[in-house]
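A.B. asks: Provided below are the primary sequence and the corresponding predicted coordinates.
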Amino acid sequence: MNDNQLLRYSRQILLPGFDEDKQQKLLDAHVLIMGLGGLGSPVAMYLAAAGIGKLTLVDFDAVELHNLQRQIIHTTDRIDQAKTESAASTIKQLNPHTETICISRKLQQQELQNLLNNVNLLVDATDNFATRFMINRACYHTGTPLVSGAAIRMEGQVSVFNFKNRASPCYRCLYDEAGEEENSCSENGVMAPMVGIIGSIQAMEAIKLISDYGETLTGKLLITDAMHQDWRSMKFKKDPNCPVCGKHK
Ligand SMILES: [Zn+2]
């Protein structure tokens with residue numbers, strides 16, 4: 001690390017138990033962020049600011065006026081621009097040392113798996129169950145740690161699936177592919193800071209996983225209700241009958 005980096009990351013390196021070696025792990029890391037919307041905005045901004053070396057940004061949407069209420073990585077003058085390109089511009093301003101790779105199209109599972117071979121971790125910041133289940137399968141098959149988050153109305157949740165450990169449950173252990181009712185922000189609304197709260201926790205969990213710092217949400221689901229500012233976490237186990245990670249898959 002050079003003097004410039006030591007100064008830029010000095011407030012992290014000062015942390016008890018977080019030394020230059022841990023900061024170096026962040027600098028050497030490559031994180032894939034799926035979705036550059038409300039959750040992906042704080043995820044990408046905090047990971048870049050904290051010093052993650054390389055970010056692959058995946059989103060096939062363009063910036064629209066109604067995104068700007070919560071998708072704070074984008075700006076008014078970037079309406080109609082690809083979200084990946086808009087996010088990359090903000091990241092460059094925040095931290096010119098973070099390399100970005102933009103993928104502005106929909107990915108199929110195999111294509112995502114190929115990308116994951118060169119990635120330390122995936123942050124799922126998408127907004128629909130079909131994509132989340134596909135991401136879960138791709139991460140499980142490649143042994144890529146997955147940080148999952150969701151926010152709607154005044155509610156949110158976060159969990160970590162550390163597939164480096166084969167005993168870890170997966171997203172499919174928690175949710176039934178056939179039985180989940182789709183809840184979208186376009187139908188239900190979402191309060192601006194809700195995605196900021198959940199995305200920031202996702203960034204925190206990603207940093208902890210990469211630098212091996214603290215205890216992550218592996219095997220736990222953190223649920224928050226901002227209407228009553230009520231926070232709780234529940235433990236969950238691997239489902240032995242899970243079609244993705246169970247015994248009889
Ligand atoms: Zn499972």
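C.D. replies: Good, I have the coordinates.

A.B. asks: can we go C-alpha only for contacts and neighbour counts from here?
C.D. replies: Will do.

A.B. asks: Lys53 - nearest residue in space that isn't next to it in sequence?
C.D. replies: Actually, residue 53 is Gly. It isn't Lys. Leu27 (4.3 Å; CA to CA, 6 or more residues apart in numbering).

A.B. asks: so the residue nearest the centre of the chain: helix, strand or coil?
C.D. replies: Nearest to the geometric centre of the chain sits Val123, at 2.5 Å (CA atoms, centre = their mean). Assigned with DSSP: H, G, I helix; E, B strand; the rest coil, Val123 falls in the strand class.

A.B. asks: if we can go back for a sec, how about the residue nearest to Gly53, phi and psi?
C.D. replies: phi -60, psi -30 (degrees, to the nearest 10).

A.B. asks: ok, how many other residues are close to it?
C.D. replies: Residues lying near Leu27 (other CA atoms under 10 Å) number 21.

A.B. asks: where does the chain have low pLDDT?
C.D. replies: For the chain, applying pLDDT under 70 flags the ranges 179, 249.

A.B. asks: for the residue nearest to the centre of the chain, give me its contacts.
C.D. replies: Residues near Val123 by CA atoms under 8 Å, 6 or more residues apart in numbering: 31-34, 43, 146-148, 202, 206.

A.B. asks: for these, which one is nearest the ion?
C.D. replies: Leu146 (12.7 Å; CA to the ion).

A.B. asks: who does that closest one form a beta bridge with?
C.D. replies: Under the criterion DSSP bridges, Leu146 forms beta bridges with Leu122, Phe161.

A.B. asks: for this protein, what spans make up the helices?
C.D. replies: 3-8, 10-13, 20-27, 40-50, 83-94, 109-116, 129-142, 171-174, 185-188, 192-211 (DSSP state H).

A.B. asks: what angle do the fourth one and helix 20-27 make?
C.D. replies: Here the directions of helix 40-50 and helix 20-27 differ by 140 degrees (axes from the mean of the first three to the mean of the last three CA atoms, to 10 degrees).

A.B. asks: in stretch 85-103, what counts as buried?
C.D. replies: Of the residues in stretch 85-103, 85-88, 90-92, 95, 97-100, 102-103 count as buried by neighbour count, 16 or more other CA atoms under 10 Å.

A.B. asks: buried ones in stretch 27-47?
C.D. replies: By 16+ other CA under 10 Å, the buried positions in stretch 27-47 come out as 27, 29-47.
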